[in-house]
Structures are given as C-alpha cells and as structure tokens.
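A.B. asks: Structure for this input, please:
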Amino acid sequence: MFCITAVKVQVLVFGKLASKAYPTSSLIFSVLIAATHLYIPSAFCQDIFEPDTVKKTIEATPVQGNLKIDGLLEETEWQQATPVANFTQVEPYQGKPVNFDTEVKMVYNHAFLYIAAFCQDSLGKKSLRAPNFQRDFEDVAHDVFGVAIDGFSDQRNAMTFMTNPYGTQRDLLSFDDLLYDTDWDGLWKVRTSRTDSGWVAEIAIPWQTLRYPDSERQTWGINFFRNRRYSNELSGWSPFPRAFSPLRMAYAGQLTNLQPPPPSPNVRIQPYVLASFDEYKGSEVGYGQNFSYKFGGEVKWAVNPNTVLDVTVNTDFAQADVDRQVNNVSRFSVFFPERRQFFLENASLFGAGLSPSDDLVGGAMRIQPFFSRSVGLDASGNPLPIDAGARVVYRSTDRNYGGMLMRQRGSTAQAASTYAVGRYSENIGKQHRLGALVTLKHTESLDTLAGNINAVGAIDGFFRLSQPLSLNLMAIGASDAGEKSKGLAGYMQLNYNSNSLVGWWTQAFVGEQFKPDVGFVSRSNVIATTPGFFLVNRSKWLPAFIRSFEPGIFSEFYHQATTGKFQEMQVSLNPVWFTLQSGGMLGVFINRIYQQLDDTFSPLDTDIAAGRYHFLRYNVLLGSDPSKKISYMINYETGGYYNGTMDYLQVNLRASPIPHISLQVSYENNRLKQVGIQQRSPTIHLLSLESRLAINPRLQLISFYQKNTAGERDVWNMRLAWEFKPLSFVYLVYNQRAFTPISAERQHSQHLIGKVTYLKQF
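C.D. replies: As a prediction, this is how the structure comes out:
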C-alpha cells in the first residue's frame with residue numbers, strides 16, 4: 001500500500017502546484033491523476049529490488065602465452081578457463097530465465113586481460129542485427145555483448161567495452177550510472193565469428209588501459225550483459241532492475257582471485273602530420289588558395305592508477321565531424337555538441353551541470369559552467385588554432401579532481417586567449433558527492449597582454465536518496481571584468497526512476513548578468529520550473545506486440561528572473577506512448593503553449609511582434625524497429641504558432657542492406673502560415689544525406705551532405721578513415737561549405753585534408 005500512496009502524493013503535488021499557479025493546466029493534470037489512480041495498484045509494486053548481498057563470482061585463469069585474437073577460441077588456454085553462464089532477463093520480463101544463454105570465459109597473462117563470450121542463438125547468422133560499422137554504435141539497434149569493469153570495487157565507476165557480431169567497438173566510462181564519457185576511446189582489441197548456433201566475441205584489453213589498485217591479489221566488480229536484438233531481449237549475468245543500466249555497479253558480480261601485474265606509469269604518444277589545401281570564394285572574403293602543413297600530437301601519461309596527464313601541442317581536429325544545421329523555431333539557444341576527441345575524454349568530470357536528456361526528461365534548460373566548444377572554435381564552429389594544452393585527472397574511491405589549461409592563438413583580427421578549468425568532487429559514502437568547479441578565461445588585447453578576465457565558480461552536489469530517487473543541484477557565480485558584471489545561476493533537480501514510474505522536478509535560475517564565457521546557458525534572465533512524469537504500464541491487457549504503455553505529462557514554466565513576470569509555459573499531455581517489443585514506438589502529444597514576448601522574436605527570418613500569445617499544437621511520433629535493414633522515424637507536428645500556424649514534418653529513413661553499407665536520409669519541413677508582423681508564409685526545407693561504406697570496422701568512407709533553403713546553405717563532408725592499428729589512423733577529409741547571406745554574393749569554401757596519426761604505447 002505504501003508504494004501506491006507514494007506515487008499518488010507525487011502526482012497530486014505536481015497537479016496542485018501547477019493548477020494553483022496556472023489554472024488553465026488544472027484539467028490536464030486532473031486527467032492524468034485519474035489515470036494514475038486507476039493504474040498504480042496493478043503495476044507499481046513490481047519494482048526495484050536491492051543488490052544481492054551474496055555476489056555472483058567469476059575467476060580469470062592465468063596463462064603464459066599471448067592469444068591470437070581472431071574470434072575462433074581455438075587456443076588451448078580457453079579450454080583451461082571455467083565458464084560462467086545462466087544470464088537473467090532484464091527486458092522484457094525482469095527476473096525470468098533467458099531464452100538464449102551466454103557463456104563467458106576469462107584468462108589473463110602479463111600483458112592482457114582476455115574475455116571470450118559465446119552468445120547462443122538457435123537461428124544463428126539469420127538472427128543477427130548490425131546496421132553499420134560505426135565505432136561507438138547506437139547500441140539499441142545492434143546485437144551487443146558488453147562487459148562493465150569496476151577495477152577499484154567502489155560500486156561507482158565502470159569502464160565498459162561492447163561489441164556487435166562484426167567486431168565493431170563501443171566503449172565508455174560511467175560514474176554512478178549517471179554521468180557517461182561515451183566518446184572515450186580505450187586501447188583494446190576485439191574480433192568476432194558467426195556460426196549457425198550463435199556468435200563469438202574475443203576481447204583483449206591491455207593492462208595499461210585498465211585502472212586498478214596496487215595490490216597482489218584483487219577482487220573487481222564486473223558484469224556482463226547482452227542484447228539479442230532479434231527478440232529485443234536484454235540480459236545480465238548479475239541481475240539488475242530494468243529501470244537501470246548494466247552500469248549500475250552496485251548490482252555487479254565479482255571477478256575474484258585476480259593477480260594483475262603491478263600498475264606502473266605508462267606513456268602513450270600520438271603524433272600526427274597534416275597537409276591541407278584550402279580555397280575561398282565570395283565578395284566579402286575575395287578569392288584565395290592556401291596550402292599548409294603542420295605537425296603536432298598528444299601525450300597521455302598514466303602517472304599512477306589514479307592519475308592521468310594529457311598534453312596536446314599544436315592541436316588539430318581535422319578528423320572531427322561537421323556540425324549539423326538546425327532551423328531553430330524556439331526561444332532556446334541552439335546547442336552543438338562537442339565532437340573533438342581531446343575534449344571528449346573525461347567530459348563527465350568537467351562537464352558538470354544541467355543538461356536535457358534526449359527525451360527531455362527533466363526539461364529543456366541547459367546550464368553548464370564549462371563547455372569545451374568555447375575553446376578552439378568560434379561562434380560559427382570554425383576552428384581557431386590551439387598552440388598547446390594540458391589536462392590532469394585524478395580519480396579514486398574517495399574523490400575525483402582535475403585541471404585543464406589551454407592556450408588559443410591570436411591573430412590580427414582576434415586576440416589570444418588562455419583558458420583554465422579546475423574541478424573537484426568528493427565522494428560521500430557510497431551514494432553521494434559534493435564538488436566545485438572554477439573556470440577562467442583571460443583574453444588579451446590585440447596590442448598588449450592586458451585584457452579581460454571572465455571567471456566562473458560553482459559548487460554542486462549529487463545525492464542518491466535511494467536506488468530510484470536522486471537529487472542533483474548546483475549554484476554558480478560569474479564575473480566579467482570588462483563588462484563589470486556579476487551574475488548568478490543555479491538549479492535543483494529531483495529524479496525518480498523506477499520500473500513503473502519516472503518523475504522529475506527541475507528548478508533552474510539564470511540571472512540577467514550571468515555571463516560564463518567558458519560555459520553555456522540555453523536562456524538568460526529566467527526562472528524555469530519543470531515538473532513532469534510518465535507511467536510505465538506492462539499489464540497483461542496489452543497486446544503481445546506492445547512492451548509498455550507510458551502515458552505522462554511534460555511541463556515547463558518560465559518567468560523573467562529580474563521581475564518575476566511570466567514569460568512562457570508549455571504543458572504537454574502525452575496520453576499515448578506505446579513502446580513496441582521490436583523497439584519501435586508510437587506517441588501522441590497535445591501541447592498547450594503560452595508565450596509572452598517582450599521584444600520582437602524572429603525565427604526563420606520572420607518577425608513576430610511583442611505581445612502575449614497562446615496556442616495549441618498536436619504532435620505524433622512513429623518509429624520502427626531501428627535494427628532492421630530498413631527503419632524509419634516520423635515526427636509530425638501541427639497547430640497554432642504565435643499569431644498564425646505552423647506545420648512541421650521530420651522524416652528519417654535508414655537503409656542497411658548489409659552491415660557494410662548504410663544509407664540515411666533525413667528531411668525536415670517547416671511551413672508557416674500567416675505568421676508575424678508581415679503575415680509571412682515561408683516554407684523551409686532541410687535535407688540531410690549520410691552514407692557509410694565499410695570494408696570492415698577499421699576501414700570506412702563516411703559522407704554527409706546537407707541542403708538548407710534558409711540562407712541557401714550547402715555543406716559537404718567526406719571522410720575516409722583507416723585504422724591501420726588500434727587507435728592509429730589515416731584520414732582523407734573533404735569539406736565544403738556554401739551559403740548566400742542577405743543582399744550579398746554567395747560565399748564558398750572548400751578544404752582537402754590529409755592526416756596521419758600514430759599511437760605508440762610504452
């Protein structure tokens with residue numbers, strides 16, 4: 001009875017607060033409260049279980065020689081190892097035996113930790129799903145075997161290595177199953193084979209890649225997991241609730257009686273050489289050609305098991321992907337993610353802050369005191385030279401801290417800048433932490449070292465009040481000497497994530513004078529209140545092809561920070577959301593929107609006058625199984641838009657006839673009718689084409705093209721990448737950009753780049 005009451009209380013709190021402040025939303029909240037009352041008794045109590053006090057165990061067998069990594073497991077050393085199996089379902093039926101088991105073995109020698117997995121499948125090769133060979137692939141679309149390793153057994157940190165049946169790699173670092181470094185690229189090797197009875201993954205991880213304490217005999221936290229994508233069955237060796245990921249290490253088993261070599265300082269160097277041919281055309285830039293070359297590289301030194309130092313000299317990011325164009329019709333600033341490898345490593349430590357999830361659980365506000373794209377890139381995403389930089393990171397069971405120092409080169413048009421970032425986080429018990437973050441940006445004047453200093457300081461905390469309930473908060477202050485301004489920002493976010501209910505309350509504040517030159521905020525001078533939740537219903541009345549029914553409410557309320565004046569409200573009733581057993585989905589949203597414009601707002605070059613607006617919009621999303629050879633996602637939205645109407649259509653289509661070939665087409669259409677002061681009715685098209693042709697996961701040609709009728713923008717990016725040995729690459733890159741500014745001649749630039757990087761581990 002307690003679990004029923006607890007959820008009803010949370011729902012009623014959301015409803016009463018919203019109804020009191022915004023009476024127009026009371027009906028919507030009342031409908032969902034009634035639905036919650038009907039639903040809770042049947043499903044909510046089958047929920048989160050606690051970690052086992054007696055852990056599952058596996059032993060790795062010591063061997064002498066090096067193994068040939070070919071996915072065949074023909075060496076006699078594998079016959080000496082004791083296998084473990086008996087995986088347990090996580091999805092779709094938590095706690096049930098798996099339909100197809102997985103057998104895992106582990107051996108090790110002085111150089112490598114080896115892992116072999118046989119993923120049983122009576123359909124053999126016919127059932128395997130792998131749409132492409134992209135490194136760090138989208139795991140929900142692939143057959144996956146993975147291992148999560150907690151070398152310090154602190155139940156907080158995990159190094160995760162995953163592969164699909166074709167040996168494509170995905171790896172990441174996880175902290176508290178909350179923060180993820182998904183673009184971390186570890187040094188490891190995997191090969192696979194496919195048979196009529198399943199598929200085999202053979203993995204070799206150098207000891208230098210792993211982090212563990214200095215002791216003779218050790219016990220690590222470890223878990224193995226698998227997704228058989230044909231039936232979309234997720235399973236784990238050590239069971240964990242489906243509300244969490246396999247990286248919740250409190251639920252992991254143990255790797256026992258392990259005797260790795262003593263950790264010692266190890267150094268990894270990665271020099272590069274690059275040649276570039278650049279051409280520019282246009283009335284403002286004139287015409288010019290330029291050929292250049294440069295040398296540089298990076299050094300990674302694992303000083304000890306806890307401390308890693310990275311140094312970069314004459315940094316280059318030519319292999320980085322181009323930014324995708326976006327047509328923004330909201331009042332939020334567009335956030336472009338980081339794509340450069342040097343900044344992606346340890347991003348979760350330095351990237352503390354409020355970030356919206358992909359499904360907007362928690363709201364749309366973003367507040368980050370440090371955002372790495374402010375270093376080495378201008379506002380348009382064009383690279384700026386970085387002379388040198390260094391980053392040091394320390395991680396342990398008690399605390400994490402790090403520092404970063406970067407020097408951005410100046411030019412005749414732009415002064416040089418120096419960036420400094422410091423981060424400290426103290427673990428409290430096994431569930432909580434407190435931290436602080438500081439950033440400094442010193443921008444010189446063009447003729448002297450004197451210039452401007454922008455400083456930001458933040459304190460933050462994370463508290464796991466129970467396995468499903470957590471509290472995340474931060475307070476930030478910013479000071480800019482040049483503008484003589486000081487500002488404040490902060491947020492508090494309460495999250496509840498169980499098998500049957502996902503709920504959140506986010507409260508954020510950004511002051512008018514808050515100016516973080518090395519950070520990012522999606523809106524300024526705002527108080528944001530974002531409550532919401534959705535239910536997860538898996539009752540027996542659902543048809544067999546539906547995995548869950550997930551109705552909910554997503555709401556956001558914004559007030560001006562300086563005056564407290566109402567600015568914006570959006571209450572989205574989501575009465576229909578079906579997650580299909582195949583991984584597809586169907587969702588319907590009814591969005592009630594209120595907007596108070598104090599100044600002219602100009603989306604898509606359409607001026608909308610200041611005033612108060614309220615309108616209703618309807619949204620339908622339909623997605624198919626993303627693992628199939630042909631998959632799609634359709635997003636259609638229609639209804640009012642300020643003083644007119646707007647229809648929005650987005651269609652994503654992917655065709656992968658074989659894993660070696662993947663083609664993706666994305667089309668967006670914004671059609672406005674009688675909008676703005678001039679009652680304009682523009683139609684904006686955005687077309688994106690992407691292809692991936694791969695001989696194997698290590699040799700690929702990736703092409704990307706975008707055509708945007710807003711500004712007549714065309715973007716080409718083609719990249720041939722050959723990983724001739726682990727993390728050593730040859731790149732050939734072609735970039736082309738063209739656009740037509742208002743009342744100006746068309747601008748055009750193209751770049752042909754060749755680059756070779758070589759990694760050497762000492």
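A.B. asks: tell me the SS of the residue lying closest to L123 once chain neighbours are set aside?
C.D. replies: Nearest non-adjacent residue to L123, counting by Cβ to Cβ, 6 or more residues apart in numbering: Y230, 6.9 Å away. Placement of C-beta: from N, CA and C, glycine included. Classification of Y230 by DSSP: H, G, I helix; E, B strand; the rest coil places it in coil.
A.B. asks: which helices and strands does the helix or strand Q89 falls within pack with?
C.D. replies: Q89 belongs to strand 88-91 when assigned by DSSP states H and E. Counting by 3 or more Cβ pairs under 8 Å, 6 or more residues apart in numbering; DSSP states H and E, the packing neighbours recorded for strand 88-91 are strand 233-236.
A.B. asks: Name the next helix or strand downstream of the strand it packs on, please.
C.D. replies: The helix or strand immediately downstream of strand 233-236 is strand 253-258, counting by DSSP H and E.
A.B. asks: Could you list the buried residues of that following strand?
C.D. replies: Going by neighbour count (16 or more other Cβ atoms under 10 Å), the buried part of strand 253-258 is 253-255, 258.
A.B. asks: With stretch 178-186 instead?
C.D. replies: Neighbour-count burial for stretch 178-186 flags 178, 180-181, 183-186 (criterion: 16+ other Cβ under 10 Å).
A.B. asks: Of all pairs in those, which one is the farthest apart?
C.D. replies: Among those, the pair separated by the greatest distance (Cβ to Cβ) is L178 and D185, at 21.3 Å.
A.B. asks: For L501, state which of the buried residues of stretch 178-186 is nearest.
C.D. replies: L178 (18.3 Å).
A.B. asks: And the strands in the stretch 501-650 of the chain?
C.D. replies: 501-510, 520-521, 526-535, 546-549, 552-560, 566-580, 585-597, 611-623, 630-641, 644-658 (DSSP state E, counting those that start in this stretch).
A.B. asks: hang on, isn't G362 packed against V502?
C.D. replies: No. Between G362 and V502 there is no contact under Cβ atoms under 8 Å: 10.0 Å.
A.B. asks: before we move on, the earlier item: and the strands of the stretch 501-650 of the chain as CSV, adding mean neighbour count?
C.D. replies: Below are these laid out as CSV (neighbours: other Cβ atoms under 10 Å):
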stretch, mean neighbour count
strand 501-510, 22
strand 520-521, 24
strand 526-535, 22
strand 546-549, 19
strand 552-560, 22
strand 566-580, 19
strand 585-597, 18
strand 611-623, 15
strand 630-641, 17
strand 644-658, 17
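A.B. asks: Which one of those lies nearest to R409?
C.D. replies: Counting by Cβ to Cβ, R409 lies closest to strand 520-521 out of the strands of the stretch 501-650 of the chain; the figure is 22.6 Å.
A.B. asks: any idea of the mean pLDDT for that closest one?
C.D. replies: The predicted model assigns strand 520-521 a mean pLDDT of 92.
A.B. asks: Off-centre distance for it?
C.D. replies: Centroid separation for strand 520-521 versus its chain: 17 Å, with Cα atoms, centre = their mean, to the nearest Å.
A.B. asks: which other helices and strands contact it?
C.D. replies: Partner elements for strand 520-521 (3+ Cβ pairs under 8 Å, 6+ apart): strand 367-368.
A.B. asks: got the contact list for the strand it packs on?
C.D. replies: Strand 367-368 is contacted from outside by 351-355, 474, 476, 489-491, 508, 510, 519-522, using Cβ atoms under 8 Å, 6 or more residues apart in numbering.
A.B. asks: Can you name the next helix or strand after it?
C.D. replies: Going down the chain from strand 367-368, the next helix or strand is strand 386-395, by DSSP H and E.
A.B. asks: now, which of the buried residues of stretch 178-186 lie within strands?
C.D. replies: Among these, the ones falling in strands (DSSP state E) are 180-181.
A.B. asks: ok, now which ones touch the closest residue to S681 other than its chain neighbours?
C.D. replies: Distance criterion Cβ to Cβ, 6+ apart; nearest residue to S681, sequence neighbours excluded, is K673 at 5.0 Å. Shown in contact with K673 (Cβ under 8 Å, 6+ apart): 644-647, 681.
A.B. asks: Report the angle between the helix or strand following the strand holding Q89 and strand 253-258.
C.D. replies: Counting by DSSP H and E, the next helix or strand C-terminal to strand 88-91 is strand 102-108. Here strand 102-108 points in a direction 30 degrees away from that of strand 253-258 (axes from the mean of the first three to the mean of the last three Cα atoms, to 10 degrees).
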